[in-house]
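J.: got a sequence here, can you build the structure:
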Amino acid sequence: MPTITLILHDTILQALKLKSSETKQSMSELVNDALKAGLQEDLEDIKSWEEREGEDTYSYEEFLGLLKKEQVI
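T.: Below is the predicted model:
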């Protein structure tokens, strides 16, 4: 596995070290897990977007109008 250098905010590093200590996982494992979860979420978002590609779109004002017409707001 390649080695990289990350520059983290002090508070993020502190939280990472604490979680590593509490969970008995290495910081590398925790970072890898977080990145995998984020990338998986991105894939799900892309899939959802592709499924909705043909749907009608509305401007903010149009959408507010629809909500008012349906007495939601």
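
J.: show me what counts as buried in whichever strand or helix holds residue 21.
T.: Here residue 21, judged by DSSP states H and E, is contained in helix 10-23. For helix 10-23, a neighbour-count test (16 or more other C-beta atoms under 10 Å) marks 16, 20 as buried. Using the backbone N, CA and C atoms, a C-beta is placed for each residue, glycine as well.

J.: show me what it is packed up against.
T.: If contacts are counted by 3 or more C-beta pairs under 8 Å, 6 or more residues apart in numbering; DSSP states H and E, helix 10-23 sits against helix 27-51.

J.: state the mean pLDDT of the helix it packs on.
T.: Helix 27-51 shows a mean pLDDT of 96 in the predicted model.

J.: so how far is that helix from its chain's centroid?
T.: Its chain's average C-alpha position is 7 Å from that of helix 27-51, according to C-alpha atoms, centre = their mean, to the nearest Å.

J.: contacting residues around that helix?
T.: Residues from elsewhere that reach helix 27-51, judged by C-beta atoms under 8 Å, 6 or more residues apart in numbering: 6, 16, 17, 19, 20, 23, 25.

J.: one more time with 6 Å
T.: Helix 27-51 is contacted from outside by 16, 19, 20, using C-beta atoms under 6 Å, 6 or more residues apart in numbering.

J.: quick one on the thing from earlier: and the angle from the helix holding residue 21 to helix 27-51?
T.: Here helix 10-23 runs at 110 degrees with respect to helix 27-51, directions being taken by axes from the mean of the first three to the mean of the last three C-alpha atoms, to 10 degrees.

J.: now stretch 29-38 - C-alpha only, PDB.
T.: The C-alpha coordinates for stretch 29-38 follow below in PDB (Å, rounded to 0.1, in the frame of the first residue of the first chain):
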ATOM      1  CA  GLU A  29      -7.800   2.200   9.000                       C
ATOM      2  CA  LEU A  30     -10.000   5.000  10.300                       C
ATOM      3  CA  VAL A  31      -9.100   7.300   7.400                       C
ATOM      4  CA  ASN A  32      -9.500   4.600   4.800                       C
ATOM      5  CA  ASP A  33     -12.900   3.700   6.200                       C
ATOM      6  CA  ALA A  34     -14.000   7.300   6.200                       C
ATOM      7  CA  LEU A  35     -12.800   7.800   2.600                       C
ATOM      8  CA  LYS A  36     -14.500   4.600   1.500                       C
ATOM      9  CA  ALA A  37     -17.800   5.700   3.100                       C
ATOM     10  CA  GLY A  38     -17.600   9.100   1.400                       C
END
